[in-house]
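Colleague: The following block contains a protein sequence and its predicted model.
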Amino acid sequence: LLNTRMREMSQMSRSPTLGQTRLAAVQVDIKIEAQSDVQEQFADRSSSAVQDLVAARGEVLDMLQEQYLDLIPMLASLESEPRLYLDRAGEIRADMTQQLFWIRISPPLSTSTFSESPTGLRWVFGREHWLECGRALKLAASRAPLRSAIVVLLAIVLLIMRARIGLALHRTAEGVGRVSTDRFALTGRAVFLTALLALPVPLLIGFLALALAQADGPSTWFRDINRGMPGAVLVLSAAFAMTGCCRPGGLGAAHFGWRTESLSWLRRVSHWFAIVYVPLVLLAYCTLSSESGRFFHNLGRASLLFAHAWLLVVLARLFFLPDGIHTRLVRENPNRPVARSPYKWFILGIVGPVGLLVLGGLGYTMTAFDLSFTLVLMLIIIVGGVMLYSLALRWFKIKHRKLALAEALERRRVRQEAAASEGHEEESG
């Protein structure tokens, strides 16, 4: 089915809107009203060519007015009909997704799932698909050259300035922890610099998704990979933001007070998770359509299985191995509730990826496909919540430190006044 979100983006970027057409019609009406002033302005000219030119201007404006009167109703109809079509396509897509959710659409896992995958890989990375991508990028650049140049130049500048941005981020940590220099503005600047470090790759992927959405007559492979682009941008943005947050001397270590050992693990895990998981899921997206449906049950499912296996490895390595975060927390805080029944937390941590692997192996491929993104989105929300909590805690710490300093200064002032008053009484006595 048509990807309604990408279709809307394509229409918005290619066709004039009804509001733009009405504005142009109003401008024509204003010029028609000013036609008499133009005639008076050039009435004293003796040249007949000038008078003919002024008269031709009035005729052209009248013709434009008539054309806009005919064009506006037609454009209103054209805008309403695609909107109804897109809404209906979205309803059908949602209904089909709901109906296919718990339906076994693939045969059980077998050796053919992996043996037939190389054929699918050759089809996915075929020359015609790369040529289609190149044509789409060229078309997007020709339709919006300024925007394309700005996006590409911005990404290049951010990549070139990456070292300087890292140094600026490290300098924000110099004033943290000191009563005289610590400000929440330093944390806000660190957040901004961390976002700049995470921006280049998601920016380029997002621009690529927008360019692919503007293609004329795209193939089914083209539409399928376009469906996965928004999710890829979201996952890459979260992963690279987490990587930037866990830099040495960065936001997590200097401003939030996170442990250095945990930060190094988080940084490596976030980096490798994005590099492996996102391409595998995009590869599965390429096989969703009816044209390439013959590859969905082998290459698409194999890609999903490898992606979920990698997610399982990442979670186990991050939390439950001997040097994982959960293991260190249990070892350092044995009396906390989280340290009790460690196997229960281990099972809760791996039940999601293991469940996705089981569903994919049994043939519930669409179910595993949808739940995979839901699980990753839940992890992103959890990480975002932790960062927001750390920001709020940082703000409260700074306020508490300022209040404590103000109270200490007030007590000091009271003691000095009391000592001064006692000395004055002794002198009077």
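Modeller: Thanks, I have it. Numbers count the residues shown, from 1 in each chain.
Colleague: Every contact and neighbour count from this point should use C-alpha atoms.
Modeller: Fine.
Colleague: give me the low-pLDDT residue ranges for the chain?
Modeller: Within the chain, the stretches with pLDDT under 70 are 1-17, 78-83, 85-86, 90, 93-94, 96-101, 289-293, 319-346, 423-429.
Colleague: in the stretch 151-300 of the chain, which spans are helices?
Modeller: 162-171, 184-198, 200-213, 220-245, 260-285, 293-295 (DSSP state H, counting those that start in this stretch).
Colleague: what's the closest of these to Gly361?
Modeller: Comparing these against Gly361 with C-alpha to C-alpha, the closest turns out to be helix 260-285 (14.8 Å).
Colleague: now for that closest one, which elements pack on it?
Modeller: Under the contact criterion of 3 or more C-alpha pairs under 8 Å, 6 or more residues apart in numbering; DSSP states H and E, helix 260-285 touches helix 220-245, helix 301-315.
Colleague: and the spatially closest residue to Ser117 that is not a sequence neighbour, what is it in contact with?
Modeller: Once flanking residues are discounted, Ser117 sits nearest to Leu299: 4.5 Å by C-alpha to C-alpha, 6 or more residues apart in numbering. Residues near Leu299 by C-alpha atoms under 8 Å, 6 or more residues apart in numbering: Thr113, Phe114, Glu116, Ser117, Pro118, Gly120, Leu121, Ala284, Thr287.
Colleague: Would you mind listing which of those are buried?
Modeller: Thr113, Glu116, Ser117, Gly120, Leu121, Ala284, Thr287 (16 or more other C-alpha atoms under 10 Å).
Colleague: next helix or strand past the helix or strand where the first one lies?
Modeller: Assignment of secondary structure by DSSP states H and E places Thr113 within helix 111-115. Proceeding C-terminally, helix 111-115 gives way to helix 117-124 as the next helix or strand, assigned by DSSP H and E.
Colleague: So what touches the following helix or strand past that next one?
Modeller: On the C-terminal side of helix 117-124, the closest following helix or strand by DSSP H and E is helix 127-143. Identification of contacts with helix 127-143 by C-alpha under 8 Å, 6+ apart yields Arg14, Ser148, Leu208, Ala211, Leu212, Gln214, Ala215, Trp221, Phe222.
Colleague: mind putting these in a markdown table, distance to Leu158 included?
Modeller: Below are these laid out as a markdown table (distance: C-alpha to C-alpha, whole Å):
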| residue | distance to Leu158 |
| --- | --- |
| Arg14 | 29 |
| Ser148 | 16 |
| Leu208 | 17 |
| Ala211 | 21 |
| Leu212 | 23 |
| Gln214 | 26 |
| Ala215 | 28 |
| Trp221 | 32 |
| Phe222 | 29 |
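Colleague: Just the closest of those to Leu64, please.
Modeller: Arg14 (22.2 Å).
Colleague: Quick one: closest of the helices of the stretch 151-300 of the chain to Ala368.
Modeller: Here helix 260-285 is closest among the helices of the stretch 151-300 of the chain (C-alpha to C-alpha), at 11.4 Å.
Colleague: what angle separates that closest one from helix 301-315?
Modeller: 170 degrees (axes from the mean of the first three to the mean of the last three C-alpha atoms, to 10 degrees).
Colleague: Just the buried residues of stretch 270-289, please?
Modeller: 270-271, 273-274, 277-278, 280-289.
Colleague: swap that for stretch 369-377, sorry
Modeller: For stretch 369-377, burial by neighbour count (16+ other C-alpha under 10 Å) applies to Phe369, Leu371, Ser372, Leu377.
Colleague: So which elements touch the host helix or strand of the last one?
Modeller: Meaning Leu377. Assigned by DSSP H and E, Leu377 belongs to helix 365-428. Contact analysis of helix 365-428 by 3+ C-alpha pairs under 8 Å, 6+ apart lists helix 184-198, helix 220-245, helix 301-315, helix 342-362 as its packing neighbours.
Colleague: Give me the buried stretch members for stretch 389-406, please.
Modeller: Of the residues in stretch 389-406, Ser390, Leu391, Arg394, Trp395, Ile398, Arg401, Lys402 count as buried by neighbour count, 16+ other C-alpha under 10 Å.
Colleague: Also stretch 34-48?
Modeller: Going by neighbour count (16+ other C-alpha under 10 Å), the buried part of stretch 34-48 is Gln35, Val38.
Colleague: Please tell me how far it is from the chain's geometric centre.
Modeller: Mean-position distance between stretch 34-48 and its chain equals 57 Å (C-alpha atoms, centre = their mean, to the nearest Å).
Colleague: Serialize the buried residues of stretch 369-377 to TSV and add fields for distance to Arg171.
Modeller: Conversion of those to TSV gives the following (distance: C-alpha to C-alpha, whole Å):
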residue	distance to Arg171
Phe369	43
Leu371	42
Ser372	39
Leu377	33
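Colleague: Show me which of those is closest to Ile160.
Modeller: Of all the buried residues of stretch 369-377, Ile160 sits closest to Leu377, with 30.7 Å by C-alpha to C-alpha.
Colleague: Please give me every residue in contact with the closest one.
Modeller: Residues in contact with Leu377 (C-alpha under 8 Å, 6+ apart): none are found.
Colleague: do Leu263 as well
Modeller: By C-alpha under 8 Å, 6+ apart, Leu263 lies in contact with Cys246, Arg247, Gly252, Ala253.
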